[in-house]
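Student: Have a look at this prediction, sequence included:
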Amino acid sequence: MFGSSKRQAFRPTAYGNSRRRRGIPRWLVLLLTGIVLGAGGLLFLQKSYGPTRLTVEQSEQLHYDLNSANMDKQRLQSQLNQQTQELKDALARIQSQESELQRQQQEIDRLNSDVALFVETAPPDPRGTSPGIRAVSFNFANGQLDYHILVMQDPDKVKPFTGEVTLVAAGRYSNGRNANEELPPFPISLDRYTHLQGTVEVPEGFTPREVTIQIRSEGSDRVVAMRVIRVPR
């Protein structure tokens, strides 16, 4: 009765005021903590076990080396293409040359066959010697005497023969004097046959009318074959 007359405020519950000061939710704290730990772990793994990160200079050098390698690759590919084409061209030339060689070999075989037939049918030396002078052709012009001489050995007397051919020309000088002139000799070598062809100089002002062909073996003065042929005018 004698206490304070001040009334106490009404409280809706027996536990007092239900409103509390709000803090950070626990789930959010856990989430942030997981993110931080995960990022830190990822950085650790990358630094410890991942590839090394390049510096700016290293990255530029890598790009430069890569471009150089690409340029070298293109250059080498171009050289390879060029050499491949050159190889194809060389193979084509070789095939063409082989075909031409075969054609020429066939022509040579035909000519050899013709020559063999000619050799067998050539008229014998009138003197019957072996080697013998089977055919002769002379032509005189401009102070030079052109000669074609076929010398052969008989089939049963074939052996290597070497010697010297001398031409003795009988004719007249421009002043009317008759003379015999021995022309410069030339060598001869044959097995079955040989064809001598060439030109010899005659003395100035001299015109040959006929030529005596003399063949001597090497190291001997004995004439083994001889024939007299008129020079056509």
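Tutor: Happy to help now that I have it.
Student: In the chain, what residue spans correspond to strands?
Tutor: 132-141, 144-152, 161-173, 178-182, 186-190, 193-201, 206-217, 223-230 (DSSP state E).
Student: For the fifth one, buried residues please.
Tutor: What it means is strand 186-190. 188, 190 (16 or more other CB atoms under 10 Å). C-beta: built from backbone N, CA, C; applies to glycine.
Student: That strand - what's its average pLDDT?
Tutor: With pLDDT averaged residue by residue, strand 186-190 scores 95.
Student: What angle do strand 206-217 and that strand make with each other?
Tutor: Inter-element angle recorded for strand 186-190 and strand 206-217: 40 degrees (by axes from the mean of the first three to the mean of the last three CA atoms, to 10 degrees).
Student: What strands line up against strand 186-190, and which way round?
Tutor: strand 161-173 (antiparallel) (DSSP bridges).
Student: what about the partner strand, distance to the chain center?
Tutor: Its chain's average C-alpha position is 48 Å from that of strand 161-173, according to CA atoms, centre = their mean, to the nearest Å.
Student: can you check stretch 177-186 too?
Tutor: Centre to centre, stretch against its chain (CA atoms, centre = their mean), the figure for stretch 177-186 is 52 Å.
Student: and the end-to-end length of it?
Tutor: 27 Å (CA to CA, to the nearest Å).
Student: Provide the contact partners of that stretch at residue level.
Tutor: With contacts defined as CB atoms under 8 Å, 6 or more residues apart in numbering, stretch 177-186 is touched by 145, 164-173, 196, 198, 200-203, 206, 208.
Student: Apply 10 Å and report the result again.
Tutor: Around stretch 177-186, the neighbours that count as contacts under CB atoms under 10 Å, 6 or more residues apart in numbering are 145, 147, 149, 163-173, 196, 198, 200-203, 205-206, 208-212, 214, 216.
Student: Can you flag the buried ones in those?
Tutor: For these, buried by 16+ other CB under 10 Å: 145, 147, 149, 163, 165-171, 196, 202, 206, 208, 211-212, 214, 216.
Student: distance of residue 79 from residue 32?
Tutor: According to CB to CB, to the nearest Å, residue 79 stands 62 Å off from residue 32.
Student: hang on, I meant residue 59
Tutor: In terms of CB to CB, residue 59 sits 34 Å off from residue 32.
Student: any idea how far residue 57 lies from residue 68?
Tutor: Residue 57 is 16 Å from residue 68, by CB to CB.
Student: cool, residue 232 as well?
Tutor: 82 Å.
Student: And residue 156, by the same measure?
Tutor: Distance from residue 156 to residue 68, by CB to CB: 81 Å.
Student: more neighbours, those two?
Tutor: With neighbours defined as other CB atoms under 10 Å, residue 156 and residue 68 compare such that residue 68 has more, 10 against 6.
Student: pLDDT wise, what is that one at?
Tutor: 86.
Student: next one: residue 215
Tutor: At residue 215, the model reports a pLDDT of 96.
Student: Below-threshold pLDDT in the chain: ranges please.
Tutor: Scanning the chain with the threshold set as pLDDT under 70 gives 1-23, 44-54.
Student: Tell me which residue lies nearest the centroid of it.
Tutor: residue 90 (6.5 Å; CA atoms, centre = their mean).
Student: Which helix runs longest in this protein?
Tutor: helix 56-121 (DSSP state H).
Student: so what does that one touch, helix or strand wise?
Tutor: strand 132-141, strand 144-152, strand 193-201 (3 or more CB pairs under 10 Å, 6 or more residues apart in numbering; DSSP states H and E).
Student: I appreciate the help and will end here.
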